[in-house]
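> Provide a 3D model corresponding to the input given below.
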Amino acid sequence: MSLGENWFSEPAQGHAMSLEINQKLHEEKSPHQTIAIYETNTFGRLMTLNGLTMLTSRDNFIYHEMLSHPALFNHPNPKDVAIVGGGDCGTLKEVLKHETVKSVTQIELDERVTRLSEQYFPDLCESNSDPRASFVFEYAISWMQHAEPNSLDMIIIDASDPAGQAKRIFKESFYRDCLNALREGGVVVAQSESPLLDLKKIVDLRTEMQKADYAEIQTIQFPVASYPSGWWTATLARKGQKFGDFREQMARHKSFDTKYYNADIHKACSALPQFMQDAF
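The predicted structure follows:
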C-alpha cells in the first residue's frame, strides 16, 4: 500500500521508517546539502539532510543525551570539549549541563544547519549563547589536524553517516589527529549507526580506532525511534588508560535534568547482545 505524498519515508535496506507530515516548513539547498524541515503529526518537527532523518522533536533527546553523558561521566574531570558536527546544537546543550566543562568548540561544516535549528528547534539551541561555547564553521578534518596537542579532554563526533566526505571522519588518520589533541585519559566518542542494519560499519569504526592506538574501545546502545531500525549505537575510545568505573555517584546525583540518561541506563547501555559481542 502506498502511503502517499503526506508521508516522509526513509528507505533503508529493504524497509523504511515513515512519518506522517502535516506540512513542509522549509527547504533549501545550502552550499553543502539539501535541508528540509517538516511538521509531523506525531513526532513534532523533523529535520532531514539530503533526504535522511537528522532529528525529530519527539525523540532527539535520547540520541543527544547518550552521545554526551556516558562519555562525560566516564571522564574524571572533563573541562575542554570539541564537538565535530552537531549543527543542530542538541549535543552542545547536553555537554554544557556539566559544571566541570569550561569550554566547548563546535566544528560544523554547514552553518545553515545551525541557523535553521535556532529558528525551528529553539529548545535545542537555548545554550548557544553560553560564554563557554564557541562555533567554527569549517571542515573538522582540517581543524583537528591543526588542534593544539594535549588540549582537549573530550571529542564528540556527532557527524552524519559515513558516506562521501564524512567517510574521512571515520578513518584511522582522523582518530590519530583526535588522539593527538586529547590529553591523557581523554575520550573520543562517535555515533556509530544501527547494530541491526550496519554492524559491519561499527566493526570497521572500532578497527580504525584500534589502529589509531587507543587504550580501550567500548560500544554502547540505545533506542532512537525515528532512525532506521529504531536502534542506535555510539562508540567510545580512551587515550592511554582503560575506562574503569564511571562517576556513578555524580551521575546519580547530577545537578541537571535529563529525560533518558541516568546512572542505571549508563550501566545497562554497555551490555551488548551476543551477535555484537561475537562481532567484536
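
> For the rest of this, base every contact and every neighbour count on C-alpha atoms.
Fine.

> Could I get the phi/psi values of residue 21?
Per-residue torsions, residue 21: phi -110, psi 130 (degrees, to the nearest 10).

> tell me which residues form a beta bridge with it?
Taking DSSP bridges as the rule, residue 21 bridges to residue 40.

> Surely it and residue 6 touch.
Yes - applying Cα atoms under 8 Å, one finds residue 21 in contact with residue 6, separated by 5.2 Å.

> how many other residues sit next to residue 238?
Counted with other Cα atoms under 10 Å, residues neighbouring residue 238 total 28.

> name the helices or strands packed onto the helix or strand residue 82 falls within?
With secondary structure defined by DSSP states H and E, residue 82 is part of strand 80-85. In terms of contacts (3 or more Cα pairs under 8 Å, 6 or more residues apart in numbering; DSSP states H and E), strand 80-85 is packed against strand 103-107, strand 152-158.

> Buried deepest among these, which one?
Across the helices and strands packed on strand 80-85, averaging neighbours per residue (mean count of other Cα atoms under 10 Å) puts strand 152-158 on top, at a mean of 27.

> CA atoms of that one as PDB?
This file holds the C-alpha atoms of strand 152-158, laid out as PDB (Å, rounded to 0.1, in the frame of the first residue of the first chain):
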ATOM      1  CA  LEU A 152      41.100  18.500  24.900                       C
ATOM      2  CA  ASP A 153      39.500  16.100  27.400                       C
ATOM      3  CA  MET A 154      36.600  15.000  25.100                       C
ATOM      4  CA  ILE A 155      35.900  14.900  21.400                       C
ATOM      5  CA  ILE A 156      32.300  14.100  20.400                       C
ATOM      6  CA  ILE A 157      31.800  13.100  16.800                       C
ATOM      7  CA  ASP A 158      28.200  14.000  16.100                       C
END
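
> can you state the direction angle for it and strand 103-107?
Here strand 152-158 points in a direction 40 degrees away from that of strand 103-107 (axes from the mean of the first three to the mean of the last three Cα atoms, to 10 degrees).

> residues in contact with strand 152-158?
Under the criterion Cα atoms under 8 Å, 6 or more residues apart in numbering, residues 67-68, 71-72, 75, 78-86, 91, 178, 181-183, 185-191 lie in contact with strand 152-158.

> if you set the cut-off to 6 Å instead, what comes out?
78, 80-86, 181-183, 186-190 (Cα atoms under 6 Å, 6 or more residues apart in numbering).

> And stretch 106-123, by the same measure?
Outside stretch 106-123, the residues that reach it (Cα under 6 Å, 6+ apart) are 82-85, 87-88, 125, 135-140.

> Now the buried members of those residues.
Neighbour-count burial (16 or more other Cα atoms under 10 Å) applied to the contacts of stretch 106-123 gives 82-85, 87-88, 125, 135-137, 139-140.

> Just send these back as JSON lines, with pLDDT and distance to residue 226 too.
Formatted as JSON lines, the buried ones among the contacts of stretch 106-123 follow (pLDDT from 0 to 100; distance: Cα to Cα, whole Å):
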{"residue": "82", "pLDDT": "98", "distance to residue 226": "26"}
{"residue": "83", "pLDDT": "98", "distance to residue 226": "23"}
{"residue": "84", "pLDDT": "97", "distance to residue 226": "22"}
{"residue": "85", "pLDDT": "96", "distance to residue 226": "19"}
{"residue": "87", "pLDDT": "97", "distance to residue 226": "18"}
{"residue": "88", "pLDDT": "98", "distance to residue 226": "16"}
{"residue": "125", "pLDDT": "98", "distance to residue 226": "21"}
{"residue": "135", "pLDDT": "98", "distance to residue 226": "27"}
{"residue": "136", "pLDDT": "98", "distance to residue 226": "28"}
{"residue": "137", "pLDDT": "97", "distance to residue 226": "27"}
{"residue": "139", "pLDDT": "94", "distance to residue 226": "27"}
{"residue": "140", "pLDDT": "94", "distance to residue 226": "26"}
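
> okay, among the residues you listed, which ones form the most distant pair?
Spatially, the most separated pair among these is 125 and 139, at 21.3 Å (Cα to Cα).

> Residue 131: which of the helices and strands packed on strand 80-85 is closest?
Between those, strand 103-107 lies closest to residue 131; by Cα to Cα that is 8.3 Å.

> what about the closest one, average pLDDT?
Regarding strand 103-107, the rounded mean pLDDT is 98.
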